[in-house]
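[1] Quick one: sequence and predicted model below, then my questions.
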Amino acid sequence: MVEESIYNIAVRLLDADAKVPRDYKKALPVITPLTKPFWDATTKHEFLLQKCAKCGAYQWYPKPWCIECGSRDLVWTLASGLGTVYSYTIITQVVQNTPAFESDLPFALAEIDLDEGPRFVAQLTDVRLEDVEAGMRVKVTFVDATPEISIPKFKRAET
């Protein structure tokens, strides 16, 4: 029996899924009941975070309870989409061993301190790599990957 590579399986599954455009070959997030409100909002180019109705803390990534007080009373809330680059790295090699990322190389991947508090990891776009720096103000933008998923990325915020 010949083992099929993970990449070939992923490509085959993407090709078999009529909802995924054939020209989009990058990995897509797995949508779960917990993350569905976030991904549904991205298709409208809205950036949501969970907010605790008890203590007011925002959190990312989605959880069924508040990471500050333990309450299960969480509400998906429209966030500003603004933040500050905490740290970043320049990606120069293919991601996930898939050629679909080759045309993006090189690119900046950043840890972003959102204005609401949580830290979010995303690709930076529309900025020269030599201009990327810690402390840079950024805002969310979206790349429409499929009808069901738009990928949040960040670009330099207007000052």
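    On my side now, so go ahead.
[2] in the strand of greatest length in the chain, what counts as buried?
    In the chain, with assignment by DSSP state E, the single longest strand is strand 82-91. For strand 82-91, a neighbour-count test (16 or more other C-beta atoms under 10 Å) marks Leu82, Gly83, Thr84, Val85, Tyr88, Ile91 as buried. The C-beta positions use only the backbone N, C-alpha and C, and glycine is treated the same way.
[3] again with stretch 149-159
    By 16+ other C-beta under 10 Å, the buried positions in stretch 149-159 come out as Ile149, Ser150, Ile151, Pro152, Lys153, Phe154, Arg156.
[4] need the contact list for the first one.
    Looking back up the chat, that one is Ile149. Residues near Ile149 by C-beta atoms under 8 Å, 6 or more residues apart in numbering: Leu28, Pro29, Ile31, Trp39, Thr42, Thr43.
[5] let's see it at 10 Å
    Lys19, Val20, Tyr24, Leu28, Pro29, Ile31, Trp39, Asp40, Thr42, Thr43, Phe142, Val143 (C-beta atoms under 10 Å, 6 or more residues apart in numbering).
[6] Could you pick out the buried ones from these?
    Buried among the contacts of Ile149 (16+ other C-beta under 10 Å): Val20, Leu28, Trp39, Thr42, Phe142.
[7] ok, the contacts of Ile149 vs Pro99, which is closest?
    Minimum distance to Pro99 across those is 13.3 Å, recorded for Tyr24 (C-beta to C-beta).
[8] which residues does the closest one contact?
    Neighbouring residues of Tyr24 by C-beta under 10 Å, 6+ apart: Leu14, Ala100, Val143, Asp144, Ala145, Thr146, Ile149, Ile151.
[9] how would you label the last one: helix, strand or coil?
    Per DSSP: H, G, I helix; E, B strand; the rest coil, the secondary structure class of Ile151 is strand.
[10] list the contacts for it?
    Per C-beta under 10 Å, 6+ apart, neighbours of Ile151: 24, 26, 28-29, 39, 42, 122-123, 141-145.
[11] Leaving out sequence neighbours, find the closest residue to Cys69.
    Cys55 (4.3 Å; C-beta to C-beta, 6 or more residues apart in numbering).
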